[in-house]
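**Student:** sequence and predicted model, in that order:
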Amino acid sequence: MDPRNISIKDYSYTLPEEKIAKHPLPERDASRLLIYNNGKIQEDIYRNIANYIPSNSLMLFNDTRVVEARLLFQKQTGGVIEVFCLEPADEYTDVHSSMSQTESVLWKCLIGGASKWKHGIVLEKRITNHTTSISLTAAIHSREADTFIIELKWSPRDLSFAEVLHYAGAIPLPPYIKREVELSDAERYQTIYAKEAGSVAAPTAGLHFTQHIFEQLASKKVMVQYVTLHVGAGTFKPVKSALMAGHEMHAEFFEVNSELIHALISNQKIISVGTTTARTLETVYWLGVKTMNNPLIDFEELHLDQWECYQLPQHFSKSESLSSLLKWMDEHNQSNIITKTKLLIAPGYKWRIVTTLVTNFHQPQSTLLLLVAAAAGQDWKKMYEYALENNFRFLSYGDGCLVFVD
C-alpha cells in the first residue's frame, strides 16, 4: 500500500465528548493499559507495565519539556491578542539555541485575534515575579503562509527566552481539552523526566510513568535511554484532504547521540514510549540509509521529508544503516545529530527500529491514529472498539495501550 493513496475517512471512529479525559487521574500510573499482542487484547494498569516488557530490552523515552508557549497581551483598547509560540524562526539551527537567546528572539507563532493587531503596533506585557519585574514586547516581523514571525524583546536582558516564557506564558493544553489551564497542569502536563525545553505539546504516552515503574523496569534489566523531539502544534493539525497525498506533515526538531545509536544496534527489542519517540527512532534509520546512498552527504541534507523514506532504498538492515550513520558522524566529528523530521508513518510502512509501541488513544482521522494503524494493522479498529466499549479514557490525559508491532 502506498500511504499517499490512503483515504483518511477509513481511519475514523465516533469519539463521544464524554470519553475525552479533561483531567489526569490523581495517580499517574493508575491509568488503564490496553495490551495488544498478535490479535489478542488484555488490560491492566500502567503501574504493572513492566510485567509485559521483555527482559533485557531497550525502552526509549522523549525527554522534551513543554514550554509555557501561550502569551496573552492586552491592547490599550482592552482587546486581548494571543501569541502562541510554535517554533524558532529559520535563523536558528535548533530549539536549544533559540531558547537560550537573551534580550530578543524571532519566533514562528499563531496569532489569536490577528485581525485586531495592525502591523507596526508593539504589544507590551509586564510581569512581576517575586522581586523581578519583566517587560516583554511583541512586534510583527513578517508573515508566512500559516504563521507570523514575531520579534519578542524583553528586559532584564540577561534572562533567557525559556525563562521569559516560564514567567510570562501559560501551558498550552490541547484544543480538545475545553477548559481553562489549572495550576496542576504545570506539573501533570509534563513527564517526570522532562528535561529539554522546547515542546508546545506533551509526549503524552510518558505522562503515565512514575519512579515506581522505572524501578520495576530496572529489576527486569530493561535499559532506559532518551531521545529529544520537540513536539509542535502540528501534531494536532487535522487531515483535511481526502487522500494523504494532499496532507503536509509538520517538521519537528529532534536530537540523538551516538551512544543511543550504538544501543539501537545492540538491542533487538526496542520499546518506543510515544509516537514522537517512534518517529525519531525510525527517522534515525532512514538518515543512516541516506548516508549509505550518499556517503558525501552534508549536514544540511541530513533530514527527512514526509515521503522520502518510501522512495529510498528499502533493503538495508538496521545494523547496516545505523553503522553507516555512526561512521558519517565520526568522519564529521559529531557525537550527536540535531535535525528535523517530517516522517509520516502510516499503513504500508515497514518498521525498521521499533518492535513495541506505548501510546495513548488518538483522535479520529489523525496522523497519530495512522501511526497506530501502521503498528497494529486493521486490528486498530478492534483495539479502539474495545476501549470505547469498556470506558477507557481518550486523548492526552486519558488511558493508553501497549502495542506489539505486527
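**Tutor:** Structure's in. What do you need? As the structure is a computational prediction, the values presented were derived from the model and not from experiment.
**Student:** most distant residue from the middle of the chain?
**Tutor:** Relative to the C-alpha centroid of the chain, counting by Cα atoms, centre = their mean, residue 77 is the outermost residue, at 37.3 Å.
**Student:** need the pLDDT of that one.
**Tutor:** With respect to pLDDT, residue 77 has a value of 80.
**Student:** and the gap between it and residue 188?
**Tutor:** 36 Å (Cβ to Cβ, to the nearest Å). Yep, even glycine has a C-beta here, placed from its N, CA and C like the rest.
**Student:** in the stretch 301-406 of the chain, which spans are strands?
**Tutor:** All strands of the stretch 301-406 of the chain, identified by DSSP state E, counting those that start in this stretch, fall at 336-341, 356-360, 400-404.
**Student:** those: which one's closest to residue 127?
**Tutor:** strand 336-341 (30.7 Å; Cβ to Cβ).
**Student:** what is the closest one packed up against?
**Tutor:** Applying 3 or more Cβ pairs under 8 Å, 6 or more residues apart in numbering; DSSP states H and E, we find strand 336-341 packed against strand 252-257, helix 275-293.
**Student:** what angle do the longest one and strand 336-341 make?
**Tutor:** Translated: helix 275-293. Angle, helix 275-293 to strand 336-341, by axes from the mean of the first three to the mean of the last three Cα atoms, to 10 degrees: 100 degrees.
**Student:** ok, the first one next?
**Tutor:** Here strand 252-257 points in a direction 160 degrees away from that of strand 336-341 (the same axes, to 10 degrees).
**Student:** for residue 216, see how far away residue 224 is.
**Tutor:** 11 Å.
**Student:** circling back to that earlier point, can you tell me which residues contact the residue farthest from the centre of the chain?
**Tutor:** Listed by Cβ atoms under 8 Å, 6 or more residues apart in numbering, the contact set of residue 77 is empty.
**Student:** just give me the neighbour total for residue 104.
**Tutor:** 12 (other Cβ atoms under 10 Å).
**Student:** over to residue 195?
**Tutor:** 11.
**Student:** quick one: pLDDT of it?
**Tutor:** 96.
**Student:** quick one: the nearest residue to residue 200 once chain neighbours are set aside from residue 234, how far?
**Tutor:** Nearest residue to residue 200, sequence neighbours excluded (Cβ to Cβ, 6 or more residues apart in numbering): residue 69, at 4.4 Å. Counting by Cβ to Cβ, the gap from residue 69 to residue 234 is 13 Å.
**Student:** out of these two, which sits in the busier spot?
**Tutor:** Neighbours per residue (other Cβ under 10 Å) separate residue 69 from residue 234, with residue 69 holding more: 23 against 18.
**Student:** so who does residue 237 touch?
**Tutor:** 250, 367.
**Student:** ok, it to residue 302 distance?
**Tutor:** For residue 237 relative to residue 302 (Cβ to Cβ), the value is 25 Å.
**Student:** now the strands for the stretch 101-250 of the chain?
**Tutor:** Counting by DSSP E, counting those that start in this stretch, the strands of the stretch 101-250 of the chain are 104-112, 123-129, 132-143, 148-155, 196-199, 223-229.
**Student:** who does the fifth one pair up with?
**Tutor:** To tie it back to what came earlier, the one meant is strand 196-199. Using DSSP bridges, the strands paired with strand 196-199 in its sheet are strand 64-66 (parallel).
**Student:** what sits up against the partner strand?
**Tutor:** In contact with strand 64-66 (Cβ under 8 Å, 6+ apart) are residues 171-172, 189-190, 194-203, 228-231, 276.
**Student:** give me the domain ranges for the protein.
**Tutor:** 3-65+189-404, 69-170 (automatic domain parsing).
**Student:** quick one: distance of stretch 84-97 to the chain centre.
**Tutor:** Chain-centre distance of stretch 84-97: 15 Å, with Cα atoms, centre = their mean, to the nearest Å.
**Student:** mean confidence score for it?
**Tutor:** For stretch 84-97, mean pLDDT rounds to 90.
**Student:** quick one: end-to-end distance for that stretch.
**Tutor:** Taking Cα to Cα, to the nearest Å, stretch 84-97 runs 19 Å from one end to the other.
**Student:** quick check: buried residues in it?
**Tutor:** 84, 85, 86, 87, 88, 89, 92, 94, 95, 96 (16 or more other Cβ atoms under 10 Å).
**Student:** who's in contact with that stretch?
**Tutor:** Contacts for stretch 84-97 (Cβ under 8 Å, 6+ apart): 67, 69-71, 98, 101, 105-112, 141, 147, 149-150, 165, 169, 172, 196-198, 200, 230, 232-233, 253, 255, 338.
**Student:** just give me the residue right at the centre of this protein.
**Tutor:** Central residue of the chain (Cα atoms, centre = their mean): residue 231, at 3.3 Å.
**Student:** wait, isn't that one in contact with residue 202?
**Tutor:** Yes. If you go by Cβ atoms under 8 Å, residue 231 and residue 202 touch, sitting 7.2 Å apart.
**Student:** buried subset of the contacts of strand 64-66?
**Tutor:** Buried, going by 16+ other Cβ under 10 Å: 171-172, 189-190, 194, 196-203, 228-231, 276, out of the contacts of strand 64-66.
**Student:** ok so, going back, weakest of the domains of the chain by average pLDDT?
**Tutor:** Averaging pLDDT over each of the domains of the chain puts domain 69-170 lowest, since it has a mean of 91.
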